[in-house]
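Enquirer: With the sequence up front, the predicted model follows.
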Amino acid sequence: MATATEFVPNQQATESVTAHVLWMTIGLSCEGDSVAMTSATNPSLEDIIQGVIPGMPRVVIHNQVIAFEVGEEYMQAWYDAEQGKLDPFVLVIEGSIGNEQINGEGHWTGFGVNPSNGQPITINEWIDRLAPKAAAVVAVGTCATYGGIPAMKNNPTGAMGVPDYLGWKWRSKANLPIVCIPGCPAQPDNMTEVLMYLVFHLAGMAPAPELDEQLRPKWLFGRTVREGCNRAGFTEQGNFATEYGSDHRCLVKLGCKGPVVKCNVPVRGWVNGIGGCPNVGGICMACTMPGFPDKYMPFMDEDKWGGAAANFQRFTYGPVFRYFRKRNLEKKFDIEPEWRRPGPVLTSGYQKRW
Ligand code: SF4
Ligand code: SF4
């Protein structure tokens, strides 16, 4: 994979490139990621579609949640992409992929009708048709990335994420791995930012995105929730909430999984920088993680190891930190220097030099 240091910008990056984004919402999904994407602000969907981002090629997004067209008119772009008439295009997949080899006599999920047999075209078939022609494939939401809720243990559909379906080492025709943007739903700006980044990359104006082992953009998923949480300072002082609605303290004892979850929502917020699960009082349920939801259930129960770590902090160094910080704050740092007083004598220590 190309890295930032290997990147050589294309000086002739053409402004005439039109990148199409074919966004499939018809996996086993709730379409929550598409809905979330409409609230992105940095960049916003409108910024991308209307071409107000300097230097960005024209982008056309085909997504049934926001589309004006319906029926065959909406489907035309998909048939065009299949026939090579839309190039380049980014294939975005939302929702997990049912195993159509075990669908009995029906199908799990699909859209469009196959004229040859009058049957729906399954999402699997769409992926088989379009992925080889796509410049990039992006999985949005934890269902599409790692299977998510539809792929829970004992599910009947054999649901899986896109990397499990296409293969973790799969590469697009532009030699890009699958790009995973997990979250349930994915954070809005994470989606629009990655789309913008990919379009710039395909136009030769940005390096390939750097991904981690789970195919997530490194710059978005490099930190844990704890590392970005505005309650983290309470943890080292052994200060934990024991019930909802209590003071602003660490939520680990209420079941927050933040210490072992990679997600930038506490740093980035949810809409326009506002919100962000633990920042605003909700525990982190680990919705971005490959093992979600099974590995983190029951959600509201304290994790055994998280609870043990919290108890260690509560009964060992936490109270010591608290005592000395409070003392230093009250007696030393949270007060003005003593020379800032009215009076007949200057007490600031100024030495007269003439
Ligand atoms: Fe819905 Fe969450 Fe699945 Fe996205 S990842 S489709 S928001 S259940
Ligand atoms: Fe999901 Fe936790 Fe991130 Fe919230 S903080 S979006 S629950 S992973």
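Expert: On my side now, so go ahead. Ligands and ions are numbered 1, 2, ... in the order given.

Enquirer: near ligand 2, which residues of the stretch 251-354 of the chain show up?
Expert: Contact residues (CB under 6 Å from any ligand atom) of the stretch 251-354 of the chain with ligand 2: Val261, Cys263, Val265, Pro266, Cys277, Cys284, Met285, Ala286, Cys287, Thr288. Where C-beta positions appear, they are placed from N, C-alpha and C, glycine not excepted.

Enquirer: can you count the residues close to the fourth one?
Expert: Right, the one you point to is Pro266. Around Pro266 there are 25 other residues, counting by other CB atoms under 10 Å.

Enquirer: Show me what the helix or strand it falls within packs onto, helices and strands only.
Expert: Following DSSP states H and E, one finds Pro266 within helix 265-268. Counting contacts by 3 or more CB pairs under 8 Å, 6 or more residues apart in numbering; DSSP states H and E, helix 265-268 is packed against helix 225-228.

Enquirer: Show me what the helix it packs on is packed against.
Expert: Going by 3+ CB pairs under 8 Å, 6+ apart, helix 225-228 lies up against helix 265-268.

Enquirer: Run through who's touching the helix it packs on.
Expert: Residues outside helix 265-268 that contact it (CB atoms under 8 Å, 6 or more residues apart in numbering): 183, 187, 189-190, 223, 225, 228-230, 258, 275-279.

Enquirer: which parts of the least confident helix or strand in the chain by mean pLDDT are buried?
Expert: Least confident element among the helices and strands of the chain, by mean pLDDT, DSSP states H and E: strand 110-114 (a mean of 90). Within strand 110-114, the residues that count as buried by 16 or more other CB atoms under 10 Å are Gly110, Phe111, Gly112.

Enquirer: Pick the one among these closest to ligand 2.
Expert: Phe111 (27.9 Å; CB to the nearest ligand atom).

Enquirer: if I pick the closest one, what's in contact with it?
Expert: Counted by CB under 8 Å, 6+ apart, Phe111 has contacts Met24, Ile26, Gln64, Met75, Pro120, Ile121, Ile123, Trp126.

Enquirer: which one of these has the most neighbours?
Expert: Most surrounded of those: other CB under 10 Å gives Ile123, at 28 neighbours.

Enquirer: For the residue lying closest to His107 once chain neighbours are set aside, list each beta-bridge partner.
Expert: Excluding the flanking residues, the one nearest His107 by CB to CB, 6 or more residues apart in numbering is Thr122, at 5.1 Å. Counting by DSSP bridges, Thr122 is bridged to Gly110.

Enquirer: surely Thr122 meets Glu100?
Expert: Yes - with contact defined as CB atoms under 8 Å, Thr122 counts as touching Glu100 (5.3 Å).

Enquirer: Between these two, tell me which one has more neighbours.
Expert: Between Thr122 and Glu100, Thr122 has the larger neighbour count (other CB under 10 Å), namely 21 against 17.

Enquirer: and that one, what pLDDT?
Expert: Predicted confidence (pLDDT) for Thr122: 95.

Enquirer: repeat for Tyr244
Expert: As predicted, Tyr244 sits at a pLDDT of 88.

Enquirer: Based on its surroundings, how many neighbours for it?
Expert: Here the count is done by other CB under 10 Å, and Tyr244 has 11 residues near it.

Enquirer: Pretty sure Gly141 is one of the things Cys184 touches, is it not?
Expert: Yes - the pair Cys184 and Gly141 passes the contact test of CB under 8 Å, sitting 6.3 Å apart.

Enquirer: what sits in contact with each of those two?
Expert: Gly32, Gly148.

Enquirer: Those two: which is more packed in?
Expert: Neighbours around Cys184 and Gly141, counted as other CB under 10 Å, are more numerous at Gly141. The numbers are 35 against 21.

Enquirer: Contact partners for the residue nearest to His107?
Expert: Residues in contact with Thr122, defined by CB under 8 Å, 6+ apart, are Gly98, Glu100, His107, Trp108, Thr109, Gly110.

Enquirer: quick one: low-confidence parts of the stretch 51-200 of the chain?
Expert: Within the stretch 51-200 of the chain, no range satisfies pLDDT under 70.

Enquirer: For it, which segments count as helices?
Expert: Per DSSP state H, counting those that start in this stretch, the stretch 51-200 of the chain carries helices over the ranges 71-82, 123-130, 141-146, 162-166, 188-202.

Enquirer: same deal with the stretch 251-354 of the chain?
Expert: Going by DSSP H, counting those that start in this stretch, the stretch 251-354 of the chain shows helices at 265-268, 304-315, 317-328.

Enquirer: so of those helices, which one's packed in deepest?
Expert: helix 265-268 (a mean of 21; mean count of other CB atoms under 10 Å).

Enquirer: how far does it sit from the chain's center?
Expert: Relative to the chain's own centre, helix 265-268 is displaced by 10 Å; criterion: CA atoms, centre = their mean, to the nearest Å.

Enquirer: Please name the residues that touch whichever residue of the stretch 251-354 of the chain sits closest to ligand 1.
Expert: Nearest residue of the stretch 251-354 of the chain to ligand 1: Cys287, at 7.0 Å (CB to the nearest ligand atom). Counting by CB under 8 Å, 6+ apart, Cys287 makes contact with Thr142, Pro182, Gly183, Cys184, Cys263, Pro293.

Enquirer: ok, now how distant is the fifth one from Ala286?
Expert: Counting by CB to CB, to the nearest Å, the separation of Cys263 from Ala286 is 8 Å.
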